[in-house]
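[1] Okay, structure incoming, though there's no sequence with it:
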């Protein structure tokens with residue numbers, strides 16, 4: 001596998017202007033540069049559209065909905081617009097470490113049979129930054145995703161960063 005494959009980053013937004021610049025900057029500042037953003041504006045009434053279009057970057061694909069849909073519907077629409085070999089999700093109020101994509105693509109390029117990559121994360125508060133250790137195999141949502149995905153197939157997951 002080549003390590004220059006396109007990563008489609010799905011961002012959905014409903015009035016997300018407060019943290020949007022920080023979130024987009026965390027993508028633009030990635031050391032891995034072969035990405036596209038599939039940005040679906042879920043009928044925002046704030047300045048989200050102006051913020052995202054202000055970047056003038058051809059890798060950012062903007063789609064505006066005329067009515068507000070549930071998150072699952074918006075993400076399914078975004079998935080249909082992706083061109084990348086890999087898919088990643090970033091919420092407009094989250095940021096990425098600058099090495100996130102590089103480390104994950106490197107892991108896909110160097111390991112056989114990886115299906116899912118995930119990371120620990122930091123939770124920010126006005127008073128502190130707390131590292132949250134995430135275990136993919138805990139929680140109802142993850143269990144349902146894994147059970148429907150596996151359906152008799154092996155699943156290998158790697159933790160990065």
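    Noted; the coordinates are in hand. These figures come from a predicted structure and were not determined experimentally. Numbering: from 1, shown residues only.
[2] hey, which helix or strand in this structure has the poorest pLDDT?
    strand 157-160 (a mean of 46; mean pLDDT, DSSP states H and E).
[3] and residue 10, that one's in a helix?
    No - counting by DSSP: H, G, I helix; E, B strand; the rest coil, residue 10 is not found in a helix; it is strand.
[4] What pLDDT does the model give the residue most central in space within the chain?
    Centroid-nearest residue in the chain: residue 89, 1.8 Å away (criterion: CA atoms, centre = their mean). On pLDDT, residue 89 comes in at 94.
[5] is it true that it touches residue 75?
    Yes - if you go by CB atoms under 8 Å, residue 89 and residue 75 touch, sitting 7.4 Å apart. All C-beta atoms are positioned from the backbone trio N, CA, C, and that covers glycine.
[6] quick one: common contacting residues for the two?
    residue 10 (CB atoms under 8 Å, 6 or more residues apart in numbering).
[7] Please enumerate the helices of the chain.
    17-28, 48-53, 71-81, 100-110, 140-150 (DSSP state H).
[8] can you redo those helices as CSV with mean neighbour count?
    Below are the helices of the chain laid out as CSV (neighbours: other CB atoms under 10 Å):
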stretch, mean neighbour count
helix 17-28, 17
helix 48-53, 17
helix 71-81, 14
helix 100-110, 17
helix 140-150, 11
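[9] weakest of those in terms of mean pLDDT?
    Out of the helices of the chain, helix 140-150 stands lowest, with a mean of 54 (criterion: mean pLDDT).
[10] Near residue 82, how many other residues are there?
    Per other CB atoms under 10 Å, the neighbour tally for residue 82 reads 18.
[11] Then residue 94?
    14.
[12] And it, how close does it get to residue 75?
    Residue 94 is 15 Å from residue 75, where distance means CB to CB, to the nearest Å.
[13] next one: residue 8
    In terms of CB to CB, residue 8 sits 12 Å off from residue 75.
[14] so residue 47 makes contact with residue 16?
    No - the pair residue 47 and residue 16 does not pass the contact test of CB under 8 Å, sitting 9.8 Å apart.
[15] Those two: which is more packed in?
    Neighbours per residue, other CB under 10 Å: of residue 47 and residue 16, the larger number sits with residue 16, 21 against 14.
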